[in-house]
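Student: what follows is a protein structure lacking sequence information:
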């Protein structure tokens with residue numbers, strides 16, 4: 001397989017991490033990719049750093065937004081400018097293992113499936129490896145995903161020949177979860193690659209680290225994406241809390 005992969009990377013004030021993120025893409029053993037970085041009006045040296053990489057690597061592209069609009073708009077902007085058959089996602093502070101793309105694309109071809117994701121591990125904000133692997137059910141259904149996002153955004157790849165380009169929701173956060181729900185609604189079942197193929201950076205002040213914010217944004221998914229009324233959305237949140245507290249921890253393993 002030598003199909004083009006479009007890598008969607010939104011960024012905002014990412015000068016501390018963007019170099020390592022780009023290098024992890026450049027180090028891929030699968031070389032037919034384009035990295036579309038959309039800068040969401042950074043106020044630091046992020047753009048300057050990206051330009052330095054672009055001078056040496058024509059596969060890296062930068063789109064600059066003229067105001068801060070959020071990751072959803074940034075990802076959609078990148079998606080509209082993507083030419084690859086396959087769409088992959090990598091945020092500006094996360095990392096890929098060198099064989100990530102090759103292993104996933106080979107797996108998709110061998111299994112004849114239009115979607116893949118994998119286990120991943122975690123690193124601290126400073127880049128130190130944490131003794132933790134994030135796993136997923138070996139047979140992931142839409143129902144399971146509905147109550148708990150088991151797909152790490154930094155690991156997901158989908159085939160546009162099967163799904164088309166899946167527009168990113170206008171919901172402020174959790175857009176990746178909505179993409180995977182859209183996919184699982186069509187294919188019904190997905191299996192993870194049971195290897196660590198990426199590294200998620202745990203940020204000290206990230207929104208995903210705030211449990212209160214997580215509840216707020218998950219509720220918004222039920223209300224705004226699924227279009228449920230308040231009562232049904234609250235019942236869904238009970239299911240989400242059950243999964244978050246009692247089920248998802250079973251899929252976090254010490255290395």
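Tutor: Structure's in. What do you need? Computed from a predicted model, the values in this text were never measured in an experiment.
Student: from now on I want contacts and neighbour counts done on CA atoms only, so please keep to that.
Tutor: Will do.
Student: quick one, what contacts residue 127?
Tutor: In this structure, residue 127 makes contact with residue 201, judged by CA atoms under 8 Å, 6 or more residues apart in numbering.
Student: ok, now how distant is it from residue 119?
Tutor: Residue 127 sits 18 Å away from residue 119, going by CA to CA, to the nearest Å.
Student: with residue 6 instead?
Tutor: If you go by CA to CA, the gap between residue 6 and residue 119 works out to 21 Å.
Student: ok, residue 233 next?
Tutor: Counting by CA to CA, the gap between residue 233 and residue 119 amounts to 29 Å.
Student: out of the two, which sits in the more crowded spot?
Tutor: Remark: of residue 233 and residue 119, residue 119 carries more neighbours, 23 against 20, as counted by other CA atoms under 10 Å.
Student: list of residues touching the helix or strand in which that one is found?
Tutor: Taking DSSP states H and E as the definition, one finds residue 119 inside strand 118-123. Taking CA under 8 Å, 6+ apart as the criterion, the residues outside strand 118-123 that touch it are 129-136, 151-152, 155-156, 192-202.
Student: centroid residue for the protein?
Tutor: By CA atoms, centre = their mean, the mean C-alpha position of the chain lies nearest to residue 153, the distance being 1.9 Å.
Student: circling back: report the mean confidence score over the strand holding residue 119.
Tutor: Strand 118-123 shows an average pLDDT of 97 in the prediction.
Student: can you give me the helices for the stretch 101-250 of the chain?
Tutor: With DSSP state H, counting those that start in this stretch as the criterion, the stretch 101-250 of the chain has helices at 142-147, 160-163, 175-187, 211-220, 230-242.
Student: got the angle for the last one vs helix 211-220?
Tutor: Using axes from the mean of the first three to the mean of the last three CA atoms, to 10 degrees, the direction of helix 230-242 lies 130 degrees away from that of helix 211-220.
Student: direction included, what does the helix or strand following helix 230-242 pair up with?
Tutor: If you walk from helix 230-242 toward the C-terminus, the next helix or strand you reach (DSSP H and E) is strand 252-253. On the basis of DSSP bridges, the sheet neighbours of strand 252-253 come out as strand 129-134 (antiparallel).
Student: tell me the secondary structure at the residue nearest to residue 165 when sequence neighbours are not counted.
Tutor: By the measure of CA to CA, 6 or more residues apart in numbering, the closest residue to residue 165 outside its immediate chain neighbours is residue 79, 7.3 Å from it. When the structure is reduced to helix, strand and coil (DSSP: H, G, I helix; E, B strand; the rest coil), residue 79 reads as helix.
Student: quick one: contacts for residue 79?
Tutor: Neighbours of residue 79 in contact, by CA under 8 Å, 6+ apart: 8, 165, 167.
Student: about what we covered before: Provide the strand pairings for the strand holding residue 119, with the direction of each partner.
Tutor: strand 129-134 (antiparallel), strand 193-201 (parallel).
Student: how far out from the middle of the chain is that strand?
Tutor: When distances are taken as CA atoms, centre = their mean, to the nearest Å, strand 118-123 is centred 12 Å away from the chain's centroid.
Student: same deal with stretch 64-72?
Tutor: Between the mean C-alpha point of stretch 64-72 and the mean C-alpha point of its chain there is a distance of 18 Å (CA atoms, centre = their mean).
Student: same check on stretch 122-130?
Tutor: A distance of 18 Å separates the C-alpha centroid of stretch 122-130 from that of its chain, computed with CA atoms, centre = their mean.
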